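Peer 1: build me a structure from this.
(4 chains)
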Amino acid sequence: MSEPDDHDDVTAEPISFEAFRRSFYYGDHADMQFKYLARMSDEDAADVIAEVLQTVGEVVDTGDVDRLRQVVTDAQIRGYEPDEPAAPTVEDAPFTPLSTPLVDARLALLSAGGVFVQGDDPMGPDGPTQDQALDLIQEFLRGKATLSEIPADTSVDALTARHPGYDARTAQRDPQTVFPLGHLRALADEGRVRLADTHYAFTGATSQRRLEKQTAPAWAEHMAAREVDAVFLVAT
Amino acid sequence: MSEPDDHDDVTAEPISFEAFRRSFYYGDHADMQFKYLARMSDEDAADVIAEVLQTVGEVVDTGDVDRLRQVVTDAQIRGYEPDEPAAPTVEDAPFTPLSTPLVDARLALLSAGGVFVQGDDPMGPDGPTQDQALDLIQEFLRGKATLSEIPADTSVDALTARHPGYDARTAQRDPQTVFPLGHLRALADEGRVRLADTHYAFTGATSQRRLEKQTAPAWAEHMAAREVDAVFLVAT
Amino acid sequence: MCHGSVGLVARALEAAGIATVSVGVRAFLHRFVELQVPRAVITPHPMGRTIGSVDDRVTQRRVVDAGLSLLEGASAPGTFVDLATGQ
Amino acid sequence: MCHGSVGLVARALEAAGIATVSVGVRAFLHRFVELQVPRAVITPHPMGRTIGSVDDRVTQRRVVDAGLSLLEGASAPGTFVDLATGQ
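Peer 2: Predicted coordinates:
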């Protein structure tokens, strides 16, 4: 259709590096481990990708997955680094001292990792898969968070996860990566803590305003009514 | 200096994806495992990178380095795929049947992997390091190949490697990845083969014309004079 | 995002008289700082593996232990334990 | 490049009356085809690990065994054994 020129190939349009790095953020190459490439400078993103690929070549030889994990983590830290040093954006810091020794306190686990009991999907029996959830990120970010209830005696193997903001396949492989209920149960058996009857999870990708104004206070009220003394929170 | 316009940022020049993928070929992001990105289409290169990164995220969870190796290998196969189906570019196919049973034949190992005995660098005592060799790729490609001689009883641990065309750090970690002298010695001990007194390596990144016309025939003459009956060749 | 959500929930719980400890990863430490999370354990893990790698029970347990200790030990808001540096 | 170099050396050796077997990786199979390498073992490994992964003695030995068998067994030029597909 259009006239090809020096910079134009009729068979394949050249792509910009910017378009490429942005494609990791819910685009053609959507990848929750690397979506921050979208917000880096071209140069930094290029260096991060090159460093990960360099490490891949090493790890294929050494089998040192810890090294790969370290490089991925360091790249994320760099990718999410705020433009300015972190400083409080809220004025107060509410703080409740633990009222009783931990062994007597009723502790609940609450994870933002989108964990739920298989067969008890908070979005209903036809809730989206992990892949489908990624396409729904905007709906999640505008929506209201739902609290999944997870009985204290739930087997870790009975849990699954879905989350449009991180790769919940990790939590599908091992829910304790973001929901350490088994560890807390072991600690309760050892007499270190006392567990509440119910534990909780929600999907942290949600309307922040609504969470702050409505949902989180309602959850706090719910837990206070159940005489929860302390909550172990897990971010993802 | 120049007038910034809509597509121009004075603090950081946007880069093209083409420049990025070419940087893996002896450029800023030189990487022998991925240098073929330079010769792929933008779209294919983008997909390869995204697929490797996707696999990195999985392997960080699963520890399955074999899977990472497989994806890297498949990407290389795709990256080096010829534009047209492979077909002979030479007219003849010289072929010498093995003249005696293998157990009686004098077998030499010859690797193109740039292997040599530590302290006996074919480029002299001040030969370049692996990193320096990458910068010398053009000199290698114009140069004449040198044959390293490696006595049959050389310990594998005494070997090292340098090569501007692949990542010789692999062979530094384990020379048998490209120079299986220990395995051949074990087979000789088992009575399966008879080994020549000397084995060989060279750096396969070299002038192809000179290799064909001068060097390879001279090597063949040298080995025939030493009554070598068969050669086990390893490409890298 | 999720670290911000956890920060908001932690604040609501504390305001309602419930003590909290929040576990997050280093890449999102700044979100906890911004929201003045009362007690936080920062882990040196990639995002999505806050408590520890898949099936790495030893590390996971260590992180949970650190969280419980902080819940007991912190006497003022803004007490952060960084497991990467051992602070 | 290196597969081409090995192909040229293999041709020179055969022409001088020396039997050869060449081992290469799948990504450069086409170079062996182009140069009509007399006997070749093709391995399913990434470039630079032609014989096998670092310290993977079992695979390395299997590849060496395949090379020796081909040296004995091939009766015509262009005999290729592809270890990826088991042909």
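Peer 1: mind listing what residue 49 touches?
Peer 2: With no chain named, the answer covers chain A. The contact partners of A:Ile49, by CB atoms under 8 Å, 6 or more residues apart in numbering or on different chains, come to A:Leu37, B:Ile49, B:Leu53. The C-beta positions use only the backbone N, C-alpha and C, and glycine is treated the same way.
Peer 1: looking at chain C here, not the other one
Peer 2: C:Arg49 touches A:Thr170, A:Thr177, A:Val178, B:Val60, B:Asp61, C:Val25, counting by CB under 8 Å, 6+ apart.
Peer 1: from those, pick the one nearest chain D.
Peer 2: Closest approach to chain D among the contacts of C:Arg49 (CB to the nearest CB): B:Val60, at 19.3 Å.
Peer 1: what kind of secondary structure is the closest one in?
Peer 2: Following DSSP: H, G, I helix; E, B strand; the rest coil, we place B:Val60 in the helix state.
Peer 1: okay if I get the contacts of C:Arg49 as JSON lines plus distance to chain D, pLDDT and neighbour count?
Peer 2: Listed next are the contacts of C:Arg49 as JSON lines, based on distance: CB to the nearest CB, whole Å; pLDDT from 0 to 100; neighbours: other CB atoms under 10 Å in any protein chain shown:
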{"residue": "A:Thr170", "distance to chain D": "26", "pLDDT": "98", "neighbour count": "29"}
{"residue": "A:Thr177", "distance to chain D": "28", "pLDDT": "98", "neighbour count": "29"}
{"residue": "A:Val178", "distance to chain D": "33", "pLDDT": "98", "neighbour count": "29"}
{"residue": "B:Val60", "distance to chain D": "19", "pLDDT": "98", "neighbour count": "26"}
{"residue": "B:Asp61", "distance to chain D": "21", "pLDDT": "98", "neighbour count": "23"}
{"residue": "C:Val25", "distance to chain D": "31", "pLDDT": "98", "neighbour count": "26"}
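Peer 1: might one say that A:Arg69 is in contact with C:Ser53?
Peer 2: Yes. At 7.0 Å, A:Arg69 counts as touching C:Ser53 under the criterion of CB atoms under 8 Å.
Peer 1: what sits in contact with each of these two?
Peer 2: B:Val60, C:His45.
Peer 1: can I get the contacts of A:Ile49 in a markdown table with distance to D:Thr79 and secondary structure?
Peer 2: As requested, the contacts of A:Ile49 are exported to a markdown table (distance: CB to CB, whole Å; DSSP: H, G, I helix; E, B strand; the rest coil):
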| residue | distance to D:Thr79 | secondary structure |
| --- | --- | --- |
| A:Leu37 | 47 | helix |
| B:Ile49 | 37 | helix |
| B:Leu53 | 39 | helix |
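Peer 1: can I get those in TSV with pLDDT?
Peer 2: Formatted as TSV, the contacts of A:Ile49 follow (pLDDT from 0 to 100):
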residue	pLDDT
A:Leu37	98
B:Ile49	98
B:Leu53	98
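Peer 1: any idea where the helices of the chain begin and end?
Peer 2: Went with chain A since none was named. Using DSSP state H, the helices of chain A run over A:17-22, A:42-62, A:65-80, A:130-135, A:137-142, A:169-173, A:181-189, A:208-210, A:216-225.
Peer 1: actually it's chain C I care about, not the one you picked
Peer 2: So, for chain C - with DSSP H - the helices run C:2-15, C:29-34, C:57-73.
Peer 1: buried residues in the first one, which are they?
Peer 2: If you call a residue buried by 16 or more other CB atoms under 10 Å in any protein chain shown, then helix C:2-15 has these buried ones: C:2-14.
Peer 1: nearest to A:Glu221 among those residues?
Peer 2: Set against A:Glu221, the nearest of the buried residues of helix C:2-15 by CB to CB is C:Ala12 (8.9 Å).
Peer 1: contacting residues for the residue lying closest to that closest one once chain neighbours are set aside?
Peer 2: Spatial nearest neighbour of C:Ala12, excluding adjacent residues (CB to CB, 6 or more residues apart in numbering or on different chains): A:Ala216 at 3.6 Å. By CB under 8 Å, 6+ apart, the contact list for A:Ala216 reads C:Leu8, C:Val9, C:Arg11, C:Ala12, C:Leu13.
Peer 1: can you redo those as a markdown table with pLDDT and distance to B:Glu149?
Peer 2: What follows is the contacts of A:Ala216, written out as a markdown table (pLDDT from 0 to 100; distance: CB to CB, whole Å):
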| residue | pLDDT | distance to B:Glu149 |
| --- | --- | --- |
| C:Leu8 | 98 | 71 |
| C:Val9 | 98 | 71 |
| C:Arg11 | 98 | 73 |
| C:Ala12 | 98 | 76 |
| C:Leu13 | 98 | 74 |
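Peer 1: and of these, the nearest to B:Ala108?
Peer 2: Nearest to B:Ala108 among the contacts of A:Ala216: C:Val9, at 70.8 Å, using CB to CB.
Peer 1: A:Asp229 touches A:Thr100, doesn't it?
Peer 2: Yes. Applying CB under 8 Å as the test, A:Asp229 and A:Thr100 come out as touching, 6.5 Å apart.
Peer 1: which one of those two is surrounded by more residues?
Peer 2: Neighbours were tallied for A:Asp229 and for A:Thr100 using other CB atoms under 10 Å in any protein chain shown; the higher tally belongs to A:Asp229 (22 against 12).
Peer 1: for that one, what are its contacts?
Peer 2: A:Leu98, A:Ser99, A:Thr100, A:Ala105, A:Arg106, A:Leu107, C:Ile18, C:Ala19.
Peer 1: any idea how far chain B is from it?
Peer 2: 34 Å (CB to the nearest CB, to the nearest Å).
Peer 1: over to A:Ala186?
Peer 2: 22 Å.
Peer 1: middle-most residue in chain C, spatially?
Peer 2: Nearest to the geometric centre of chain C sits C:Val23, at 2.2 Å (CA atoms, centre = their mean).
Peer 1: isn't that one right next to A:Thr236, touching?
Peer 2: No. C:Val23 is beyond contact range of A:Thr236, at 9.8 Å (criterion: CB under 8 Å).
Peer 1: between the two, what contacts are shared?
Peer 2: Residues touching both C:Val23 and A:Thr236 (CB under 8 Å, 6+ apart) are C:Thr50.
Peer 1: domains of chain A?
Peer 2: A:8-79, A:106-234 (automatic domain parsing).
Peer 1: for the nearest residue to C:Ala15 once chain neighbours are set aside, give its distance to C:Leu29.
Peer 2: Spatially, and ignoring its direct neighbours in sequence, C:Ala15 is nearest to A:Pro94 (4.4 Å; CB to CB, 6+ apart). A:Pro94 sits 20 Å away from C:Leu29, going by CB to CB, to the nearest Å.
Peer 1: quick one: strands adjacent to the strand of greatest length in chain C?
Peer 2: If you go by DSSP state E, chain C has its longest strand at strand C:19-25. With DSSP bridges as the test, strand C:19-25 is paired with strand A:230-234 (parallel), strand C:39-43 (parallel).
Peer 1: so A:Leu110 makes contact with A:Val228?
Peer 2: No. Applying CB under 8 Å, one finds A:Leu110 not in contact with A:Val228, separated by 9.4 Å.
Peer 1: pLDDT score for the nearest residue to A:Leu187 once chain neighbours are set aside?
Peer 2: Sequence neighbours aside, A:Val193 is the residue nearest to A:Leu187 in space, at 5.1 Å (criterion: CB to CB, 6+ apart). Here the pLDDT value assigned to A:Val193 is 96.
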